[in-house]
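Enquirer: Pasted the sequence and its predicted model underneath.
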Amino acid sequence: MLSWKLVLLALYAVGFSDAALKIEPIYPTFNVPEYGSATTTCTNMDLFGTQPEWVDPYGQVVGPAGGGGSNDKQVSFHTNPDTGLKYTRMHLSNILKAASGGYVCRADGETQSININVYIPVTLVNEDAEKSQWMTYHESGSLLCTMRGEANTVVSWDGPNGPITDGGRYLITDMYGLTIDNVTLNDEGSYNCRGSIPDIGVATVLTIQADVYMVPKIRYPPINKNATEGTSAFFTCEAIGEPQPDYTWYDGSEALEDPAKYLIEEDGKRLTILNLEKDDQKRYTCQVSNPAGYDRRDGVLTVDIPPTPTRAVTQEKDERESVTFFCDIMRGDRENLALQFKRYEKWLPMGVQVDSRIVIQQETGTGPDAGQPGSLSLTITDIHRGDEGDYTCFARNNGGYAMSHHFLHVRYAPVINLDYSTKKVYSWIGHQLNLTCHWYGYPVPIVYWFVNSQPLVGTIGDVAGNATIYDFNNGSSSLFIDTKDSDFRPYQCDGRNKFGRVRHHIQFERAYPMKRPTNVRAISASSTAIQISFDNPVEVGADFPEYLRILGYVIGYSEYQQPTEMYEIIQNMCEPTAFQCGLLCIEKERRCDNFMDCLDNSDEENCNPQEDCPGGFKCPVRDGNLNPCLPLAYVCDQQADCVDGADESEESCSAYYRPIFYDMRLKGLAPDRIYQFRVAVMNEVGWGEWSFNTTERTLDYGPPSEPMIFNREPERNTMYEVVWLEPYDNGGSPILSYELTYSRVETADAKEHGRDPLTVPASKESETAPVFRHTLTNLERGTFYFLELRAVSTWGKSSPGTLNFRMPGGAPIPPPSNEPLGPGLRIGDLPLAAFIGIVVGSFLVILILLDCLCYCTNSCGLTMCICVHLCGKQSPEAKEEMEAVEYSAAMSTAGNRMAMQRLKDFETESHAVSDGTTHPLTDLSTLPAPIYGDLQPPSVPSIYSGMSASANHPSYRGYMYPSSEPTYANSDLFDNTDPRYRNEKMELERDLKNIFS
């Protein structure tokens, strides 16, 4: 073991004979950053040499820790266990710049040195703060890159467009920053600030994200506003800038922050001032700001105070006196103030009115009775009772409008209101009715009642039967009478006030039952029905008012010499709200609604869309305030209801009257029986005198009578619903079924079937009997059809009921011809084959011409296809492909111009905002026209006189059937918005849909 060590030492001795000391690292200069650490080793290559030592640049021997060394500078001694060589290791910590210099290692008279260079490293002082910076558009911008390092530290910059050199728009400052002149949008992006020490070769890089900010500019400033007190007003403000600016609203110098008063919405762009008061009239400022700067614009709010008219007054004046009303306001803006008087629905202009007694003028404030300057006065001289009522002062300004209602009471003697007072009344024993008197006058007249000039007070049983007085304290009074035999006397009512007493006379007459009808006879008979005809009594009409109006008829009938009599009641007057056709009463609103509800279509005749009396008769002359619209049943009933008797004129009778009650039919009788019957006429008193008995025999059993088919328009293009009534006479046996035959025909008035008629059975079962229905399907559009319907019983088939109808659609399609198609078919003078050849040849010629046109204009078509594939012509697709390549090359540089275009757009927009241009303000919305309520004269009670409490006729929902056997008709409801009928109409519509849908 010892031998190889000796050999190794010998080799070391030989190898390092020229250098006894060795320093590691072997660099001549050892670069160490300030406050860094360094370790260097010195080895004595002489195996038998001494321990090397280190000497600092100041000639001081560096000792070990605790032996002259320090924590920042010390040595440690070591011997290599393998070679036995001695070496000393020097440790430097927290080294300072002053520690730079040459360090010497010495031993056995030998020295070696190493230069330790302590340098200040490049460090980023504000790295976090300087990673993101911004510059202002169109101004000089600076990017900071704060570094610490050696004096010879070199800084270089790289921008979004590559390396940056000092000069032109760029200036690299002494503090390592970068200044850019006239910043543009292209200067936005990522920058690298690189600091390096050239002789050492170290560098530090700071990456900066630079944004280009734009000073905000208000594009749409607040505009001046007018708003009304108590409402809300808003301002809007919109600006441009980068980044998006913040919005702040100011009232002078104070920011608006009260949420109860100010509502700021839409990211601050909209300011709403709530519950405006007069103090809110001021200037409001919109300020927009971002890190690049701010902008401010103002808007002025004007608060308009709506007018408050002076208090309304009520005055009482005697006739022939004078009165003055003033129109003025107590509060509100007088600017743009308009004052005007209104009388009910009529505006009164300035100056002398049409009635020269009334003068409206503007007051000047002078004179003993003058009003305030600027107010209006309305003066009425020589007052009469027609001047009584409301006089409205209307005031309007920019804030709105308001009204005050002055009222004039004219004191005058009572005047009877004949429109609402009873003049003549008919009654009968047991009938209850009201006598009514309504008086005008002021003070309001007191009403007194008399019978035979004897006063009535409260309830008097001895003088006028059972009479009860009802006073309404408005000049109106009613006398309720339960008629007795002693009540048919003259009645009087007095109207009294302190200006006079006036008496009104009422005729109280007796009414009588109707006289017997005449000429009662049977005009036809069948197996189960007898048709009866008769004439009305002579005592009918205006010449016999005591017999009142005919309400209907009653037929008493029985088998001959049988004691049990049955009654058929036929009421011939519908309610005033109904329209009568035949034996059917329908609601008046369903007249002239384009739907046939009556079997004879009379509800759709004599329709005038301009009249204000739909479903009734309009009297041409008004009778005071009474409605001149009469039920059609009142027309030509021999009793004048219009003032001028127009409802009884020959023209009206011809246009509206229909003799509908003089031919009647008894149904449900037994075949081959003798029946006796008699007729009485009904009025409000009751049944009149019976006619003399008449007899007639029913026929023996036989086929039923023909069904009655409703003429209805088709509701669908290919379907038709046939609706009919069962025959009035079933021939004495039940109807077993119905047979329906129909075919296509050429005309609308065809009387017989066309080719190939179809016969289908129709069921006799119906949920809406005696109304039946059957739906025909697969019908052809625009085609005429002829239809026959027969009823079938055990006694045979009935005569057919017929119907012609046309399906909706195009032109009528002719029915198939009976002539067969064959070779002899010709079109005009040409055979069919020649005509087809001409058509096909013409089509080919047109096709060739079109192909040539396509080749010449658009390079397409059959000719173009032949040229490309057989002759080598270039196709249009290849040409388009070459053009697309050229276009792509031309567009390759288009992206370079996008930033410049963005800059141009912004500059144009920014200059337009900042050049002081006055932007047009939106027009303020004009104040809406006031909505005035209808002002009516003093209301009077709705009094009904002479009406019978026992004369309420039976009515049914929608229809009113005077007959014991109801008659049906096709019906659809007209939409009536009157709430009195809405629920009734809905129920009726539901029932009718079940019947006819």
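Expert: Right, received. Where do you want to start?

Enquirer: pLDDT-wise, which helix or strand of the chain ranks last?
Expert: Lowest by mean pLDDT, DSSP states H and E among the helices and strands of the chain is helix 898-914, with a mean of 43.

Enquirer: For residue 868, which three-state class applies?
Expert: helix (DSSP: H, G, I helix; E, B strand; the rest coil).

Enquirer: Show me the longest helix that occurs in this protein.
Expert: helix 832-858 (DSSP state H).

Enquirer: Next, the buried residues of that one.
Expert: Residues of helix 832-858 classed as buried under the neighbour-count rule (16 or more other CB atoms under 10 Å) are 851, 855. Quick note: C-beta positions are derived from backbone N, CA and C, even for glycine.

Enquirer: average model confidence for it?
Expert: In this model, helix 832-858 carries a mean pLDDT of 80.

Enquirer: and that helix, what does it pack onto?
Expert: Contacts defined by 3 or more CB pairs under 8 Å, 6 or more residues apart in numbering; DSSP states H and E place helix 832-858 against helix 862-871.

Enquirer: Show me which residues of the helix it packs on are buried.
Expert: For helix 862-871, by 16+ other CB under 10 Å, it's 864, 868.

Enquirer: what residues are up against residue 709?
Expert: 722, 723, 724, 787, 789, 801, 802, 803 (CB atoms under 8 Å, 6 or more residues apart in numbering).

Enquirer: How many neighbouring residues does the residue nearest to residue 189 when sequence neighbours are not counted have?
Expert: Residue nearest to residue 189 in three dimensions, not counting chain neighbours: residue 160, with 2.9 Å by CB to CB, 6 or more residues apart in numbering. Residue 160 has 12 neighbours, counted by other CB atoms under 10 Å.

Enquirer: who touches residue 160 in this structure?
Expert: Per CB under 8 Å, 6+ apart, neighbours of residue 160: 186, 187, 188, 189, 190, 191.

Enquirer: Residue 475 too?
Expert: 414, 438, 439, 440, 441, 444, 445, 447, 495, 940.

Enquirer: go with 6 Å
Expert: 439, 444, 445 (CB atoms under 6 Å, 6 or more residues apart in numbering).

Enquirer: What residues of the helix or strand hosting the first one count as buried?
Expert: Put plainly, it is residue 439. Counting by DSSP states H and E, the element that carries residue 439 is strand 432-442. Judged by neighbour count using 16+ other CB under 10 Å, the buried positions of strand 432-442 are 433, 434, 435, 436, 437, 438, 439, 440, 441, 442.

Enquirer: Excluding covalently adjacent residues, which one is nearest to the third one?
Expert: On the basis of CB to CB, 6+ apart, the spatially nearest residue to residue 435 that is not a chain neighbour turns out to be residue 479, at 4.3 Å.

Enquirer: how near is that neighbour to residue 775?
Expert: 61 Å (CB to CB, to the nearest Å).

Enquirer: what does residue 505 give?
Expert: 66 Å.

Enquirer: Residue 650 now?
Expert: 46 Å.

Enquirer: The two: which is more packed in?
Expert: Neighbour count, other CB under 10 Å: between residue 650 and residue 775, residue 775 has more, with 11 against 8.

Enquirer: Tell me the strands beside the helix or strand harbouring the more buried one, with direction?
Expert: Per DSSP H and E: residue 775 is located in strand 771-776. Here strand 771-776 is paired, per DSSP bridges, with strand 720-725 (antiparallel).

Enquirer: ok, back up a step: any chance of the buried residues of strand 432-442 in a markdown table with pLDDT and distance to residue 122 as columns?
Expert: Listed next are these as a markdown table, based on pLDDT from 0 to 100; distance: CB to CB, whole Å:
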| residue | pLDDT | distance to residue 122 |
| --- | --- | --- |
| 433 | 89 | 121 |
| 434 | 90 | 117 |
| 435 | 92 | 121 |
| 436 | 94 | 116 |
| 437 | 94 | 118 |
| 438 | 95 | 113 |
| 439 | 94 | 115 |
| 440 | 91 | 112 |
| 441 | 91 | 114 |
| 442 | 91 | 110 |
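
Enquirer: List just the nearest of these to residue 214.
Expert: Residue 214 has its nearest neighbour among the buried residues of strand 432-442 in residue 442, at 79.2 Å by CB to CB.

Enquirer: isn't the closest one right up against residue 409?
Expert: Yes: contact status for residue 442 versus residue 409: in contact at 5.1 Å, counting by CB atoms under 6 Å.

Enquirer: Do I have it right that residue 499 meets residue 415?
Expert: No: with contact defined as CB under 6 Å, residue 499 does not count as touching residue 415 (10.7 Å).
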